[in-house]
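A.B. asks: next comes the sequence, and after it the predicted model I'd like to discuss.
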Amino acid sequence: MKSPPEPDLQLRGKLIRSLGALREMLPGSFVERTRACGRPNCHCTDGKRLHSQYQISVLIDGKPRALNIPAEWVENVRQKIGMRRRFDAAADTICKINLKRFLKEKEGRQA
Ligand SMILES: [Zn+2]
């Protein structure tokens with residue numbers, strides 16, 4: 001006899017299967033800074049049309065670092081940092097499901 005489908009297990013399976021797509025995830029957060037370059041004839045001397053500098057803010061060996069991102073990598077890196085958030089959210093949900101199952105099992109054992 002086939003047991004009825006459990007929504008929690010279906011969700012857990014779906015989340016687990018989705019994790020492979022997140023394998024290129026990167027840690028840290030995405031930062032955009034604006035700055036003046038210091039060249040006397042540049043448009044940024046007006047203080048408004050500043051240059052954008054994109055960075056990853058990340059811990060390396062426990063120390064905070066800000067790493068510059070080449071302009072052509074910006075979209076790609078932004079997506080990879082976003083993958084980490086999705087990974088963490090999936091892990092949280094999976095842990096909640098498993099904790100619920102653990103508590104239920106424990107309750108059943110004591111009954
Ligand atoms: Zn400039």
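C.D. replies: Sure, I can see it.
A.B. asks: and the longest strand belonging to the chain, which strands flank it?
C.D. replies: Counting residues, the longest strand found in the chain (DSSP state E) is strand 51-60. According to DSSP bridges, strand 51-60 forms sheet pairs with strand 29-35 (antiparallel), strand 63-69 (antiparallel).
A.B. asks: ok now the last one, how far from the chain's centre?
C.D. replies: Pointing back at strand 63-69 there. Put simply, strand 63-69 sits 16 Å off its chain's centre (CA atoms, centre = their mean, to the nearest Å).
A.B. asks: quick one on the thing from earlier: tell me which residues of the longest strand of the chain come out buried.
C.D. replies: Neighbour counts using 16 or more other CB atoms under 10 Å place 54-56, 58 of strand 51-60 among the buried residues. Where you see a C-beta, it was placed from the backbone N, CA and C, and this is true even at glycine.
A.B. asks: now K63: how far from M83?
C.D. replies: Shown here: K63 relative to M83, a distance of 23 Å by CB to CB, to the nearest Å.
A.B. asks: quick one: which of the two has more around it?
C.D. replies: Applying other CB atoms under 10 Å to K63 and M83 shows that M83 carries more neighbours, namely 16 against 7.
A.B. asks: tell me the secondary structure for that one?
C.D. replies: Assigned with DSSP: H, G, I helix; E, B strand; the rest coil, M83 falls in the helix class.
A.B. asks: hang on, it packs against L22?
C.D. replies: Yes: contact criterion CB atoms under 8 Å: M83 and L22 qualify, at 4.2 Å.
A.B. asks: ok so M25 is a helix residue?
C.D. replies: No: assessed with three-state DSSP, M25 is coil; it does not lie in a helix.
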